[in-house]
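Undergrad: here you go, sequence then predicted model.
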Amino acid sequence: MKKNLTCVACPLGCSITVELDDQGQILSVTGNTCKRGDAYARTEMTNPTRSLTSTVKVEGGRHPVVPVKSAAPVPKSMLFDCMKEINKVVVKAPVHIGDTIIENILGTGVAIVATNDC
Ligand code: SF4
């Protein structure tokens, strides 16, 4: 079986084909221009992950929200649950860029950090 992917590891967006055997084991990865594409395709087939960006409500700040991101990619299957968890959070100003807003979101081991001051 063959699966076609578009690599999202850089703006080039190479078209990648992954060939799988009957057990779902990867036989080959082709179409990638670099090693990052190969790694992306293998991760996408086994444990797809995504970086997460959002905003968190701030009390007492100049702005009502501060932008946040995941410090590392989280499992794709948990993105919506992570977003729900982030939406529950309200922090007090001041918030500084790099501050940890959630230490270990939903047990993923990934922190949610502020990407701006507020
Ligand atoms: S395979 Fe490499 S060059 Fe192509 S989109 Fe992915 S990261 Fe970019």
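TA: Thanks, I have the structure now.

Undergrad: check which helix or strand covers residue 45.
TA: Using DSSP states H and E, the secondary-structure element containing residue 45 is helix 35-46.

Undergrad: after that helix, which helix or strand is next?
TA: Beyond helix 35-46 on the C-terminal side, the first helix or strand identified by DSSP H and E is strand 49-50.

Undergrad: which residues does that following strand contact?
TA: If you take Cβ atoms under 8 Å, 6 or more residues apart in numbering as the criterion, strand 49-50 is touched by 43, 73-76, 79. Where you see a C-beta, it was placed from the backbone N, CA and C, and this is true even at glycine.

Undergrad: that strand: partners in the sheet, and parallel or antiparallel?
TA: Using DSSP bridges, the strands paired with strand 49-50 are strand 74-75 (antiparallel).

Undergrad: who does the very next helix or strand once past the partner strand touch, helix- and strand-wise?
TA: Past strand 74-75, heading to the C-terminal end, the next element that is a helix or strand (DSSP H and E) is helix 79-88. Contact here means 3 or more Cβ pairs under 8 Å, 6 or more residues apart in numbering; DSSP states H and E; on that basis helix 79-88 packs against strand 53-59, strand 100-102.

Undergrad: can you report how many residues neighbour whichever residue of the chain sits closest to the ligand?
TA: The ligand sits closest to residue 37 of the chain, with a gap of 2.3 Å, by Cβ to the nearest ligand atom. When neighbours are defined as other Cβ atoms under 10 Å, residue 37 has 23 of them.

Undergrad: give me every residue that touches it.
TA: Under the criterion of Cβ under 8 Å, 6+ apart, the neighbours of residue 37 are 7, 9, 14, 16, 29, 31.

Undergrad: adding mean neighbour count as columns, could you present the helices and strands packed on helix 79-88 in CSV?
TA: Written out in CSV, the entries for those read as follows (neighbours: other Cβ atoms under 10 Å):
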stretch, mean neighbour count
strand 53-59, 16
strand 100-102, 17
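
Undergrad: so can I have CSV of the ones you listed showing mean pLDDT and distance to residue 25?
TA: Formatted as CSV, the entries for those read as follows, by pLDDT from 0 to 100; distance: least, Cβ to Cβ, whole Å:
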stretch, mean pLDDT, distance to residue 25
strand 53-59, 97, 33
strand 100-102, 98, 35
